[in-house]
Each structure stands twice: as structure tokens, then as C-alpha cells.
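Asks: Okay, structure incoming, though there's no sequence with it:
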């Protein structure tokens, strides 16, 4: 876009310069024809209220005037052709400028968007979605850490209770064994007493 603007200004400047130069040349040659008319008039003889002009001067003036008119017509045609060409160039440049502007708008729009699961999404929306996902994942992680710690505490407590129960069970088994042995001895003692009494 920035490259086309100077080119457009340069072409406009060239067109203006060409028109000014053509106008100045036309004025110079008009002055030349005008001076030829003055020369013919000044060089002619007076007869009452009339001017007597030599025929060859009048013919030469006519010839010069016709040539000048033809030359001006050619210059006008060339200028018109140049103007048309420059108009065409300007239209092409405008079309290129519009195309470049459209491309720039499209690139800007694409730059401001991100493809998210195949859908064109605005950068702000994309960032919001990503932060929501990150926040949700952090919450899930905190929940699992909490559950793990809670399970760990329960597991330690269960192990402690199991160890206490095992200790109590060992103590109970030991006491039961001692009691059984004591009862066995008492029973044996009673048997022995009864055997003695029989004898």
C-alpha cells in the first residue's frame, strides 16, 4: 500500500508536467502565428479603409496556420492518448491498491484469529478458553491431591489400627495359651489327686 502511493503521486505529477509543457508550446506557436498575422498586416499597403495584402504572404500565412492547426490536433490527439493511458494506469493502480488493501485486511484478520479444533477463533476467545481449561485442570489436580492425601491418612490409620489389633490379638492369644496351660495343669493336678485318693 505504501509503495503504490508514491507511484500514484509520481504519475499524477508527470501528467501535470506534460499538460503544462504542451500548453506553453501552444502559446509560443500561437504567438508565432499571431506575429505572422501582424507582420502581414503591417507589411500590407493601405487603400482607403482597406488593407492590400500580397497574395504569396497570405498564402504562406494560410499554409502556416493550417500546419499549426494540424500540429495542434496531433498534439491534442497524442495528449488525449497519453491521458487515456494514464487514466488506465491509474485505474489499474487503484485496482491493485484495492486488492492490496483487501489482502492486508485478510492477513490482519487471519493474524487476529487462531484455528482451534478446525474453527477460526478470535485470539481473545482462544486465550479465555485456554485459561478456563488450565484452571479446570488445576482444580482437578488439587481435588486428586486432596483425595490422595485423605486416602493416605485413612490408609495410615487403618495400618495403625491393624497393627494395634494384631498386637491385641497376639496378647490375647498369649493370655489364652497361658490360661489353657494353667487349666491343663490344674486338670492334670486334679487327675493326679484323684488317682492318689483311689490308691
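Replies: Good, I have the coordinates. Predicted, not measured: the structure shown is a model, and the values here were computed from it.
Asks: Okay, now the unreliable bits of this structure?
Replies: Low-confidence segments of the chain, defined by pLDDT under 70: 1-15, 17-31, 33, 36-37, 40-53, 112-120, 199.
Asks: Show me where it has its strands.
Replies: 45-47, 50-52, 113-116, 119-122 (DSSP state E).
Asks: which strands and helices sit next to the longest helix that the chain contains?
Replies: Among the segments of the chain that qualify as a helix by DSSP state H, the longest is helix 123-198. Judged by 3 or more CB pairs under 8 Å, 6 or more residues apart in numbering; DSSP states H and E, helix 123-198 is in contact with strand 113-116. Just so you know, the C-beta spots here come from the backbone N, C-alpha and C atoms, and that holds for glycine as well.
Asks: Once you drop chain neighbours, what's closest to residue 32?
Replies: Sequence neighbours aside, residue 68 is the residue nearest to residue 32 in space, at 7.8 Å (criterion: CB to CB, 6 or more residues apart in numbering).
Asks: Could you give the number of residues near the one you found?
Replies: Counted with other CB atoms under 10 Å, the neighbours of residue 68 add up to 16.
Asks: got it, and residue 159?
Replies: There are 10 residues near residue 159, going by other CB under 10 Å.
Asks: who's in contact with it?
Replies: By CB atoms under 8 Å, 6 or more residues apart in numbering, the contact list for residue 159 is empty.
Asks: Same check on residue 63?
Replies: If you count contacts by CB under 8 Å, 6+ apart, residue 63 has none.
Asks: quick one: it from residue 39, how far?
Replies: Separation of residue 63 from residue 39 (CB to CB, to the nearest Å): 15 Å.
Asks: With residue 164 instead?
Replies: 141 Å.
Asks: quick one: stretch 169-179 to chain centroid distance?
Replies: Relative to the centre of its chain, stretch 169-179 is centred 84 Å away, using CA atoms, centre = their mean, to the nearest Å.
Asks: Now tell me what touches that stretch from outside.
Replies: Around stretch 169-179, nothing counts as a contact under CB under 8 Å, 6+ apart.
Asks: Pull out the buried positions in that stretch.
Replies: Residues of stretch 169-179 classed as buried: none (neighbour count, 16 or more other CB atoms under 10 Å).
Asks: swap in stretch 87-107?
Replies: For stretch 87-107, by 16+ other CB under 10 Å, it's residue 97.
Asks: That one: how far from the chain's middle?
Replies: 18 Å.
Asks: and residue 158, what does it touch?
Replies: With contact set as CB under 8 Å, 6+ apart, residue 158 has no partners.
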